[in-house]
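Student: requesting a structural model of the entry that follows:
(one chain, ligands or ions: 2)
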Amino acid sequence: MSKVPAVKLNDGRDMPIFGLGTWNSPKGQVEQAVKDAIDCGYRMIDCAHCYGNEHEVGNALKEKITDGTVKRDDLFITTKLWNTFHHPNSVRPAFEVSLKNLQLDYVDLYLIHWPMSYKEDGDKLFPLDANGEFIDGGADFVDTWKAMEELVDSGLVRSIGVSNFNARMIDRVLKNSRITPVTNQVECHPYLNQQKLKAYCEARKILITAYSPLGSPARPWAEKGEPLLVEEPKIVEIAKNHSKNPAQILLRYQVQRGNIVIPKSVTKERIAANFEIFDFMLSDNEVKEIDGLDCGRRLCLESAAINHRDHPFANDEY
Ligand SMILES: NC(=O)C1=CN([C@@H]2O[C@H](COP(=O)(O)OP(=O)(O)OC[C@H]3O[C@@H](n4cnc5c(N)ncnc54)[C@H](OP(=O)(O)O)[C@@H]3O)[C@@H](O)[C@H]2O)C=CC1
Ligand SMILES: O=C1CO[C@H](CO)[C@@H](O)[C@@H]1O
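Tutor: Ligands and ions are numbered 1, 2, ... in the order given. The predicted model follows:
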């Protein structure tokens, strides 16, 4: 079985460059998907409280550790703080819910899922006002970040990072905190290759984790008839040149740029095929051609929060 290469994080830890996404993975399927992934060599799983399936992911992790397939230390588990828990006093309790669901005694990487704070209202994850807009929770993400730092101090979290932060927001975190985020997890694929944000982050030793690397074709708000990355003629042509499938080209594109990548699938054959990207190289010219597909097409906008004072994509170029 091939081993996933690791990247070195700015806190000195290693993180697999490739792992399994779990958003939209149904409760009844995600457990098997995580077990299939671990069986074929995946060691990193990307989770989030708001995906509603951490407990099922945890069942799979527990089974694979108990049956001796892997040791806890072989795994790299990421999860994320949801927007309703940004108040500094809510960060640790929210984290503890994830930890319990995942059935772990520590998490490798904890991310602030989005910079926007939403109003906390029990278990309600999407608090909307009468106009269908998210209600501001009033917390400042710098204060949220300081509470994340305390989780590292406690030993319950090994590394911390952010997700969906723009350069200006990262700058504020860097100027007001002790710990540099290890990664910024953002949407990244050939239609939105994040060249500028990547350059900004990497100059500060922050790695990009590419979410929706296949273009998230089954996201709930996908438009009928929209262009699909796996059908993009240039990607299909390059795939043929390498006797690979289009998804493998999209994933190889990310790892070859040094981005961590987290494709989601609950289909056993796809989980296995997506892993087969470490036995070929794209040429410099092919990478350039794929770069040329960038058109700024963003698929995950969190549009009900577009008027939030901390929406990352409303007013900033990157
Ligand atoms: N931080 C954030 O805000 C966000 C983080 N994420 C993370 O990133 C992960 C990946 O992004 P996501 O938006 O899920 O989308 P992806 O781009 O990973 O696409 C997943 C979809 O592609 C299908 N698929 C998987 N493999 C193949 C293949 N080889 N050929 C064709 N289709 C394939 C899957 O179907 P099937 O499962 O049926 O096989 C699924 O419908 C998420 O699961 C989540 O962990 C995602 C969005 C936002
Ligand atoms: O990770 C994600 C997937 O789903 C969530 C709910 O819409 C998004 O907010 C988030 O970006």
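
Student: any idea what the residue of the chain found nearest ligand 1 is bridged to?
Tutor: Nearest residue of the chain to ligand 1: residue 21, at 2.4 Å (C-beta to the nearest ligand atom). No exception for glycine: its C-beta is placed from N, CA and C like everyone else's. Bridge pairing for residue 21 (DSSP bridges) gives the partners residue 46, residue 264.

Student: was I right about it contacting residue 263?
Tutor: Yes: with contact defined as C-beta atoms under 8 Å, residue 21 counts as touching residue 263 (5.9 Å).

Student: how about the helices in the chain?
Tutor: With DSSP state H, the ranges of helices along the chain come out as 27-39, 54-66, 88-102, 141-154, 167-175, 195-202, 233-241, 246-256, 268-275, 284-291.

Student: check those helices for me and report the most buried one.
Tutor: When neighbours are counted by mean count of other C-beta atoms under 10 Å, the highest per-stretch mean among these falls to helix 246-256, a mean of 23.

Student: just list what it packs against, helices and strands only.
Tutor: Under the contact criterion of 3 or more C-beta pairs under 8 Å, 6 or more residues apart in numbering; DSSP states H and E, helix 246-256 touches helix 233-241, strand 260-261, helix 268-275, helix 284-291.

Student: for the first one, which outside residues touch it?
Tutor: The list of residues contacting helix 233-241 from outside it, by C-beta atoms under 8 Å, 6 or more residues apart in numbering, reads 190, 229, 245-246, 248-250, 282, 286, 289-290, 292-293.

Student: OK, contacts around residue 65?
Tutor: Residues near residue 65 by C-beta under 8 Å, 6+ apart: 71, 72, 75.

Student: and the closest residue to the first one other than its chain neighbours, what's its pLDDT?
Tutor: It stands for residue 71. Of all residues beyond its chain neighbours, the one nearest residue 71 is residue 65 (6.8 Å), with distances taken as C-beta to C-beta, 6 or more residues apart in numbering. The model reports residue 65 with a pLDDT of 98.

Student: and for the one 5 residues further on?
Tutor: Residue 70 carries a pLDDT score of 98 in this model.

Student: mind listing what it touches?
Tutor: Residues counted as contacts of residue 70 (C-beta under 8 Å, 6+ apart) are 38, 43, 64.

Student: between these, which is closest to residue 194?
Tutor: Top of the list for closeness to residue 194, among these and by C-beta to C-beta, is residue 43 at 24.6 Å.

Student: look up how far residue 54 lies from the closest residue to ligand 2 within the chain.
Tutor: Taking C-beta to the nearest ligand atom as the measure, the chain has residue 23 as its residue closest to ligand 2, at 4.5 Å. Per C-beta to C-beta, to the nearest Å, residue 23 is found 12 Å from residue 54.

Student: swap in residue 9?
Tutor: Counting by C-beta to C-beta, the gap from residue 9 to residue 54 is 22 Å.

Student: can you check residue 149 too?
Tutor: When C-beta to C-beta is the yardstick, residue 149 and residue 54 sit 22 Å from each other.
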